[in-house]
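structure for this input, please:
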Amino acid sequence: MADDEEVFVLEKFVEETYSTFNDIDVFYSLICGSMIFLMQCGFAMLCAGSVRQKNVKNIMLKNILDACGGAIGFWSVGYAFAYGAGGSFIGLSGREYFLNGFDETGGKEYIGFFFQFTFAATAATIVAGTVAERCKMSAYLCYSLFLTAIVYPVVVHAIWNGDGFISAFNDAPFLGVGMIDFAGSGVVHMTGGATALVAAIVLGPRLGRFYDESGAPLETPAEFPAHSVALQVLGTFILWFGWYGFNPGSTLFISPSGYGAVAALCAVTTTLSGASGCVSAMFTDTIIGMITEGEAEYDLTMAMNGALGGLVGITANCCVVEPWAACLIGICSGWVYVLSSKLLVKLKIDDAVDAIPVHGFCGAWGCIATGIFASTNRILFAYGTENTGGIFYGYGNLIGVEIIGVLCIILWAGGIMTPFFIGLNFLGMLRVDPVEEKVGLDISHHKGAAYALDGPTAEEIDAYETSHGEKFKDEA
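Residues are numbered from 1 along each chain as shown. Here you go, the predicted structure:
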């Protein structure tokens, strides 16, 4: 009898311990997912500060619609495509559609959906800044739904689902290793960046950016100064803060042995790469300016976007590289950002907030950097895969997989989104009327300007001067 009681007590202890660890993991994902969702605020502030004053309401609403459209699209079919069981292209099981087959016990399935939704919303919101000041609201909502329901989930399934054809979690990984993209340099940022590139090309540049009113090319592209550098910097710091949920949080759990060590490394490499990217981009741009114009200037935009580029570049490999390698990845990310930003201007592709260089180009670099700098021991510890690493460690299979993965993302996102945006454009749903664009989308689409900047009328000034006439006479 005593033995039965001891067994019962032991089983109860094991059950409660398991439940506690499960709750810790759920809470961990909840906190990290909330930090990632806060990045929506960061994108909103960065975009709002980067556009002209007459378009602030419009870009803020688009950022809200990203979260809303992303939630609906990912809940309905996107999550099932991404994480359904079976199939190398999309998930084939039915229980993930509308979350209809989820078990409420423990909360792991629901928190898993929430965490992955925040990633989907991030991929969608990347495009908002690129098409700012000229894209119709209806087209943007259609795009948000389509990207999070169809395009992004296919990439997720291929790389993050154990059934995906190029996944590192596959039982028989491609080339013996599969694509290592821990937190989404390719899956999230490249998908959003490639989509933004297609959108920018089909939509065309803002009026007056590269061509005058007669359509003749300008000798020097027009600059549209940001209306609030304070909002830009605030948005940058919020995004950086959110990255500590993005990268360390991608361990998905924190209670198992070793997971805390992986999360800690991710936090360190994320910090170093972001900082290195900021310094690299700003001083590279300064040096270029000194060579071409003979004057040293320090561009705040280069510093901010360089930091974001460094954060994007480390996202794929934050758990498999050493801290010194994170610094090199960040430095190179800064260079990639500066050069790709200038390349887009040369090609007359108008990106209002440089989202394509930051997320598209630096995302591709992050994947390739994984194939160069990934440590053999770090891969073994984080993924359990032996006999592989970056070319710096004497292996070539990983860099091959990473390059193939980058090409797959470009071909899929570009191949699907190109006819999508062309179709919207053909239907007249994509770009606003030129008159509406000139007056600003806030007034033409959102019931007035974002800021109440009305000063006193001439009559009010006259009345004030009359009532204080003696004072003005004395001062005269």
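
okay, CA-based contacts and neighbour counts for the rest of this
Noted.

pLDDT on the longest helix belonging to the chain, on average?
In the chain, ranked by residue count with DSSP state H as the criterion, the top helix is helix 2-50. Average pLDDT, helix 2-50: 89.

quick one: list the elements packing against that helix.
Helices and strands touching helix 2-50, by 3 or more C-alpha pairs under 8 Å, 6 or more residues apart in numbering; DSSP states H and E, are helix 56-73, helix 108-130, helix 229-246.

so that helix versus helix 229-246, what angle?
Counting by axes from the mean of the first three to the mean of the last three C-alpha atoms, to 10 degrees, helix 2-50 points 160 degrees away from the direction of helix 229-246.

quick one: helix 2-50 to helix 108-130, angle?
Calculated by the same axes, to 10 degrees, helix 2-50 forms an angle of 10 degrees with helix 108-130.

what's the angle between helix 2-50 and helix 56-73?
Taking the same axes, to 10 degrees, helix 2-50 and helix 56-73 form an angle of 150 degrees between their directions.

return the backbone torsion pair for the nearest residue to Val358 once chain neighbours are set aside.
Once flanking residues are discounted, Val358 sits nearest to Gly309: 4.7 Å by C-alpha to C-alpha, 6 or more residues apart in numbering. Dihedral pair for Gly309: phi -60, psi -40, per degrees, to the nearest 10.

so Gly309 is in contact with Tyr337, correct?
Yes: the criterion here is C-alpha atoms under 8 Å, and Gly309 meets it with Tyr337 at 6.4 Å.

between those two, which contacts overlap?
357-358, 362 (C-alpha atoms under 8 Å, 6 or more residues apart in numbering).

ranking the residues you listed by neighbours, who comes first?
Cys362 (36 neighbours; other C-alpha atoms under 10 Å).

thinking again about what came up before, out of the shared contacts of Gly309 and Tyr337, the closest to Ile329 would be?
Distances from Ile329 to the shared contacts of Gly309 and Tyr337, taken as C-alpha to C-alpha, are shortest for Cys362 (9.9 Å).

circling back: and Gly309 and Tyr337? Which one has more around it.
Comparing Gly309 with Tyr337 by other C-alpha under 10 Å, the one with more neighbours is Gly309, at 38 against 31.

for Asn22, see how far away that one is.
According to C-alpha to C-alpha, to the nearest Å, Gly309 stands 35 Å off from Asn22.

picking that back up, who are the contact partners of the residue nearest to Val358?
By C-alpha under 8 Å, 6+ apart, the neighbours of Gly309 are 274, 277, 330, 333-334, 337, 357-359, 362-363.

just flag the most distant two among those.
So, the contacts of Gly309 by C-alpha to C-alpha: farthest apart are Gly274 and Pro357, at 15.0 Å.

just to revisit the earlier point, out of the contacts of Gly309, who's nearest Ala216?
Pro357 (26.3 Å).

correct me, but that closest one touches Ser341?
Yes: using C-alpha under 8 Å, Pro357 is in contact with Ser341, at 5.6 Å.

and stretch 90-100, which residues are buried?
Using 16 or more other C-alpha atoms under 10 Å as the test for burial, stretch 90-100 gives 90-92, 96-99.

what residues does it touch?
The contact list for stretch 90-100 (C-alpha under 8 Å, 6+ apart) reads 75-86, 101-102, 153-154, 157-158, 164.

and it, how far apart are its ends?
Stretch 90-100 end-to-end distance (C-alpha to C-alpha) = 18 Å.

avg pLDDT for it?
Mean per-residue pLDDT for stretch 90-100: 90.

can you start the count at 7 instead of 1 from here on
Yep, numbering from 7; the last one is stretch 96-106 now.

gap between it and the chain center?
Offset of stretch 96-106 from its chain centre (C-alpha atoms, centre = their mean, to the nearest Å): 25 Å.

with stretch 461-470 instead?
Centre to centre, stretch against its chain (C-alpha atoms, centre = their mean), the figure for stretch 461-470 is 48 Å.

just the buried residues of the contacts of stretch 96-106.
Neighbour-count burial (16+ other C-alpha under 10 Å) is assigned, among the contacts of stretch 96-106, to 81-91, 159-160, 163-164, 170.

tell me if I'm right that Leu447 and Arg58 touch.
No: with contact defined as C-alpha under 8 Å, Leu447 does not reach Arg58; the gap is 10.3 Å.

who has more neighbours out of the two?
Counted by other C-alpha under 10 Å, Leu447 and Arg58 do not tie: Leu447 has more neighbours, with 29 against 18.

nearest residue to the more buried one in space, please, no chain neighbours.
Spatial nearest neighbour of Leu447, chain neighbours left out: Asn61 (5.3 Å); criterion: C-alpha to C-alpha, 6+ apart.

tell me the spacing between the one you found and Ala138.
Taken as C-alpha to C-alpha, the span from Asn61 to Ala138 is 8 Å.

Leu349 now?
Leu349 sits 20 Å away from Ala138, going by C-alpha to C-alpha.

what is the burial count for Gly434?
Quick note: Gly434 (other C-alpha under 10 Å) scores 13 neighbours.

burial of the nearest residue to Leu44 once chain neighbours are set aside, as a residue count?
Computed as C-alpha to C-alpha, 6+ apart, the closest residue to Leu44 that is not its neighbour in sequence is Gly248, at 6.4 Å. Per other C-alpha under 10 Å, the neighbour tally for Gly248 reads 22.

OK, contacts around Gly248?
So Gly248 contacts 41-45 (C-alpha under 8 Å, 6+ apart).

among the residues you listed, which one has the most neighbours?
Counting by other C-alpha under 10 Å, top hit in these: Ile42 with 30 neighbours.

if I look at it, how far off is Pro363?
The value you get for Ile42 to Pro363, if C-alpha to C-alpha is used, is 21 Å.

and if you look at Trp166?
Distance of Trp166 to Pro363, computed by C-alpha to C-alpha: 24 Å.

mind listing what Leu353 touches?
Contacts for Leu353 (C-alpha under 8 Å, 6+ apart) come out as none.

what do you get for His365?
132, 191, 195-196, 198-199, 315, 318.

can you rerun that using 6 Å?
195-196, 199 (C-alpha atoms under 6 Å, 6 or more residues apart in numbering).

could you look up the SS state of Pro462?
Classification of Pro462 using DSSP: H, G, I helix; E, B strand; the rest coil returns coil.

gap between the closest residue to Cys38 other than its chain neighbours and Tyr399?
Leaving out its chain neighbours, the residue that sits closest to Cys38 by C-alpha to C-alpha, 6+ apart is Gly251, at 4.1 Å. As judged by C-alpha to C-alpha, Gly251 and Tyr399 stand 29 Å apart.

what does Gly280 give?
Here Gly280 is placed at a distance of 24 Å from Tyr399 (C-alpha to C-alpha).

could you check which of these two is surrounded by more residues?
It is Gly280, of Gly280 and Tyr399, that has more neighbours when counted by other C-alpha under 10 Å, with 31 against 14.

and that one, what are its phi and psi?
Dihedral angles for Gly280 - degrees, to the nearest 10 - are phi -60, psi -40.

tell me the contacts of it?
By C-alpha under 6 Å, 6+ apart, Gly280 lies in contact with 313, 316-317.
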